[in-house]
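K.L.:
Need a 3D model of the sequence below.
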Amino acid sequence: MSARPTIEPAERRGFAIERVFAASVDRVFRLWTDPLLVAQWWGIKDCTIPHCVLDVRAGGRWRIDMRTASGALYRNQGSYVDVIANQLLSYTDEPDPELLEWAGKPPGQGLHTITFTAEGDRTHVRFEATLASIADRERLLALGMQRGWTQTFDRLEHLIDSAAAGQPPTA
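P.N.:
The predicted structure is shown next:
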């Protein structure tokens, strides 16, 4: 008799970040779906985005390369699962198996779901990462994944606030 697979509850395999941005929902959605705009804010503090390709449609592929201030290159990639303009983005996150931090054992594929809700002239964004296992969640949190996404949201907020103040973008 074979053992039954254990399915861990999604809420125990992930984390969420929520923020309200001072921009319309269509503008915030565009900031998540236009590669030229994404390259201005994606990633941790002081990183650059040398490569950003987004085929924003269900089944489309995405890839964003992030270079840290120390020169390390992180390849982020996956496929879009669901796209509803101005409401929802859902995509897989496929860990780069060559990343040294994985020590030859990359985590499983994750799922990121971003919901966009208009609140007058502001937009409430909920980012939810669901990882392959509780062990992957603990490992990625220890490596700073949630902290990194918080910095990413900070950069997005800075870009939105700078544009509102008439300053050139410097995410």
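K.L.:
quick one, longest helix in the protein?
P.N.:
helix 145-164 (DSSP state H).
K.L.:
Send over it as CSV, restricted to the C-alpha atoms.
P.N.:
Output of helix 145-164 as CSV, limited to C-alpha atoms (Å, rounded to 0.1, in the frame of the first residue of the first chain):
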residue,chain,number,x,y,z
MET,A,145,12.1,36.7,0.4
GLN,A,146,9.5,38.6,2.4
ARG,A,147,11.9,41.4,3.2
GLY,A,148,12.9,41.6,-0.5
TRP,A,149,9.3,41.9,-1.6
THR,A,150,8.7,44.6,1.0
GLN,A,151,11.7,46.5,-0.5
THR,A,152,10.2,45.9,-3.9
PHE,A,153,6.9,47.5,-2.8
ASP,A,154,8.8,50.4,-1.3
ARG,A,155,10.5,51.0,-4.7
LEU,A,156,7.1,50.9,-6.5
GLU,A,157,5.6,53.3,-4.0
HIS,A,158,8.7,55.6,-4.4
LEU,A,159,8.2,55.6,-8.2
ILE,A,160,4.5,56.4,-7.9
ASP,A,161,5.1,59.2,-5.4
SER,A,162,8.0,60.7,-7.5
ALA,A,163,5.8,60.8,-10.6
ALA,A,164,3.0,62.4,-8.6
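K.L.:
Now do stretch 109-128: everything it contacts.
P.N.:
For stretch 109-128, contacts defined as Cβ atoms under 8 Å, 6 or more residues apart in numbering pick out 14-25, 27-29, 32, 78, 81, 86-95, 129-132, 136, 149, 153. In short, each C-beta sits where N, CA and C put it, glycine included.
K.L.:
Flag every buried residue along that stretch.
P.N.:
For stretch 109-128, burial by neighbour count (16 or more other Cβ atoms under 10 Å) applies to 110-114, 116, 123, 125, 127-128.
K.L.:
How about stretch 44-61?
P.N.:
Quick answer for stretch 44-61 (16+ other Cβ under 10 Å): 44, 47, 49, 52, 54, 56.
K.L.:
Could you list every helix and strand in contact with the helix or strand of the chain with the lowest mean pLDDT?
P.N.:
Lowest mean confidence among the helices and strands of the chain (mean pLDDT, DSSP states H and E): helix 134-142, at a mean of 89. Contact analysis of helix 134-142 by 3 or more Cβ pairs under 8 Å, 6 or more residues apart in numbering; DSSP states H and E lists strand 14-21 as its packing neighbours.
K.L.:
now the angle between helix 134-142 and the longest helix of the chain, please.
P.N.:
50 degrees (axes from the mean of the first three to the mean of the last three Cα atoms, to 10 degrees).
K.L.:
This completes my enquiry, with thanks.
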